[in-house]
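>>> compute the structure for the input listed below.
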Amino acid sequence: MIGILDRARTIAKPGYNRWLVPPAALAIHLCIGQVYSLSVFNLPMTRLLGITQATPADWKLTSIAAIFSIAIVFLGLSAALFGKWLERVGPRKAMFVAACCFSAGFLIAALGVELHSFPLVVFGYGVVGGIGLGIGYISPVSTLIKWFPDRPGMATGFAIMGFGGGAMIGSPLAVGLMHHFASSISLGVAPTFVTMGLLYFAVMMFGAFSVRLPASGWEPAVEITHVQPSHKLVSTHQVSADEAIKTPQFWLLWLALLCNVSAGIGVLEMASPMIQEFFPGMIKASAAAGFVGLLSLFNMGGRFFWSSISDKIGRKATYAIYFALGALLYCAVPSVGAAQSVGLFVAVLCVALSMYGGGFAAAPAYLRDLFGTFQVGAIHGRLLTAWSVAGVVGPLLINSTRQLQLARGFAPAQAYDQTMYVLGGVLAIGFISNLLVHPVTSRHFRATQEEPLPAPRNAAGGTR
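Numbering: from 1, shown residues only. Below you'll find the predicted structure:
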């Protein structure tokens, strides 16, 4: 069984169709993207004992909401920690481990619900599941970039689009399963966790065993047109993960991603109450839920659209659009809200959230341009620590700014004005950070450009 997972067993044979690789990556990301729909469990988990209403012994909503943040923190930490290991062992073994961890997280969380042990739920979904999220998120990245050197942005955008759309599957699946398993003495949360864990494991196994690596020296049967002299950031040299974090380019891009994610995740976190308070009496809870769903669609679509655009105009120019246009859109929200234009309000934030998703999807290709393909998966994993930080900073920044405005006597709708301006300022910082990115200097390049493969093993387990 272990031999099947070896990197050498994933090398594609001559004539392999590279378009079979994106569906394998998509299978992983559609599963782990379920984390965006975790909130559907929040209210049921506050009534596990009381069933119809919460009892003093039930868990508080504020505590349950922390599970998501913990999962995102461990996503970033595990992506950074296991990135180099992934490059060494290959995508199949990494995807297999991701499936085991992500699914085990559900099973441990189910046990925690059954025993009413909140620490066990946090350990299961937040820690173990979070590790599966991190390894699963980065596992297809370098593989897709190797298969699509002509369109790296489009390829990674296709897979990462799945992460943005995972909630569209996970949310109705969870609601339907809880309804199926519910009874007079149970809300069906624990069996729903078990069922989802097993289902996701099966789908992720499809991804793990269908993924392939290109053979050494393989090139696509098309002319690679995106690497042109005018694209000064596109390097033909290779930089290791350890060396990449010593460059200012890595940290400028880290800051840029932090700004983009902090702004976007802040809007997602307050989208439902925000539109209801901007348009009191006009927008009810059900319509607000539809607005959140629409934002998710644009978040997902933007991952493919903007990353594909970046193959044409370059990653730096695409990120400049994210930050410049995004800052203008966020700063326009108070005026649009004051004009009571619901349609324009929705359109402004949908476009802004499409660029939030696009920032995630174009990041691996940006790293590939700067540092080459040698350890781009590992470098991407370290970059994702910006996401972990933003998962805490974004909501904290938004909520504290809003509370400060409310304390000063502003009406609920007006309390968002200052918040939007703060987000615009955050994106302005990201614009400057991206503007300062320049080609990596030669002292960081590897002496050899060939990517070494692990030495084959003999039957006794040693190398030969």
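
>>> pick out the residue nearest the middle of this structure.
Note on the chain: the residue nearest the mean C-alpha position is residue 163, at 5.9 Å, using Cα atoms, centre = their mean.

>>> for that one, what is the enclosing helix or strand?
Per DSSP states H and E, residue 163 falls inside helix 152-181.

>>> what's the mean pLDDT across that helix?
For helix 152-181, the mean per-residue pLDDT is 88.

>>> residue 188: what's it in contact with?
The neighbourhood of residue 188, defined by Cβ atoms under 8 Å, 6 or more residues apart in numbering, consists of 44, 177, 178, 179, 180, 181, 182. C-beta coordinates here come from the backbone N, C-alpha and C atoms, glycine included.

>>> tell me, how many neighbours does the residue nearest to residue 143 when sequence neighbours are not counted end up with?
Excluding its sequence neighbours, the residue lying closest to residue 143 (Cβ to Cβ, 6 or more residues apart in numbering) is residue 91, at 4.7 Å. Per other Cβ atoms under 10 Å, the neighbour tally for residue 91 reads 30.

>>> most neighbours, which of the contacts of residue 188?
Counting by other Cβ under 10 Å, top hit in those: residue 178 with 21 neighbours.

>>> surely that one touches residue 190?
No - the pair residue 178 / residue 190 is not scored as a contact, 10.0 Å apart, by Cβ atoms under 8 Å.

>>> between the contacts of residue 188, which sits nearest residue 22?
Closest approach to residue 22 among the contacts of residue 188 (Cβ to Cβ): residue 177, at 28.3 Å.

>>> could you say which helix or strand contains the nearest residue to that closest one once chain neighbours are set aside?
Spatial nearest neighbour of residue 177, excluding adjacent residues (Cβ to Cβ, 6+ apart): residue 192 at 4.1 Å. Applying DSSP H and E as the criterion places residue 192 in helix 189-210.

>>> re the thing from before, now do the helix holding residue 163: which elements does it pack against?
helix 21-32, helix 141-147, helix 189-210, helix 285-313, helix 342-371 (3 or more Cβ pairs under 8 Å, 6 or more residues apart in numbering; DSSP states H and E).

>>> quick check: which ranges of the stretch 151-300 of the chain have low pLDDT?
222-232 (pLDDT under 70).

>>> let's go with 90 and repeat that
Applying pLDDT under 90 to the stretch 151-300 of the chain picks out residues 151-152, 155-172, 175, 216-237, 264-278, 280-297, 299.

>>> residue 43: neighbour count?
Residue 43 sits with 12 neighbouring residues when counted by other Cβ under 10 Å.

>>> per-residue pLDDT, the closest residue to residue 415 other than its chain neighbours?
Nearest in space to residue 415, with sequence neighbours left out and distances taken as Cβ to Cβ, 6+ apart, is residue 405 at 3.9 Å. pLDDT recorded at residue 405 is 81.

>>> contacts only, for residue 405.
With contact set as Cβ under 8 Å, 6+ apart, residue 405 has these partners: 414, 415, 416, 417, 418, 419.

>>> drop anything exposed from the residues you listed.
Neighbour counting with 16 or more other Cβ atoms under 10 Å marks 414, 415, 416, 417, 418, 419 as buried within the contacts of residue 405.

>>> keep only those of these that are in helices.
Counting by DSSP state H, the buried ones among the contacts of residue 405 place 415, 416, 417, 418, 419 in helices.

>>> the last one and residue 400 touch, don't they?
Spelled out, that is residue 419. No - the criterion here is Cβ under 8 Å, and residue 419 misses it with residue 400 at 9.4 Å.

>>> where does the stretch 301-450 of the chain dip in pLDDT?
337-338, 373-374, 377, 387-420, 442, 446-450.

>>> again, only this time at 70
For the stretch 301-450 of the chain, the ranges with pLDDT under 70 are 413, 448-450.

>>> just to revisit the earlier point, just name the closest of the ones in helices among the buried ones among the contacts of residue 405 to residue 107, please.
residue 419 (39.3 Å).

>>> that older thread, just how off-centre is the helix or strand harbouring the residue nearest to residue 415 within its chain?
Here residue 405 sits within helix 385-407, counting by DSSP H and E. Here helix 385-407 is found 18 Å from its chain centre; the criterion is Cα atoms, centre = their mean, to the nearest Å.

>>> ok, stretch 13-33 next?
Distance of stretch 13-33 from the chain centroid (Cα atoms, centre = their mean) equals 17 Å.

>>> before we move on, what about stretch 293-310?
12 Å.

>>> buried ones in it?
Buried positions in stretch 293-310, judged by neighbour count with 16+ other Cβ under 10 Å: 294-310.

>>> just to revisit the earlier point, quick check: the residue nearest to residue 143 touching residue 144?
No - with contact defined as Cβ under 8 Å, residue 91 does not reach residue 144; the gap is 9.2 Å.

>>> would you mind measuring from residue 252 to residue 111?
Using Cβ to Cβ, to the nearest Å, we find residue 252 at a distance of 44 Å from residue 111.

>>> okay, these two: which has more neighbours?
Each of residue 252 and residue 111 has its neighbours counted (other Cβ under 10 Å); residue 252 has more, 19 against 16.

>>> please point out which parts of whichever strand or helix holds the more buried one sit buried.
Assessed by DSSP H and E, residue 252 sits inside helix 248-278. By neighbour count on 16+ other Cβ under 10 Å, the buried set for helix 248-278 is 249-250, 252-272, 274-278.
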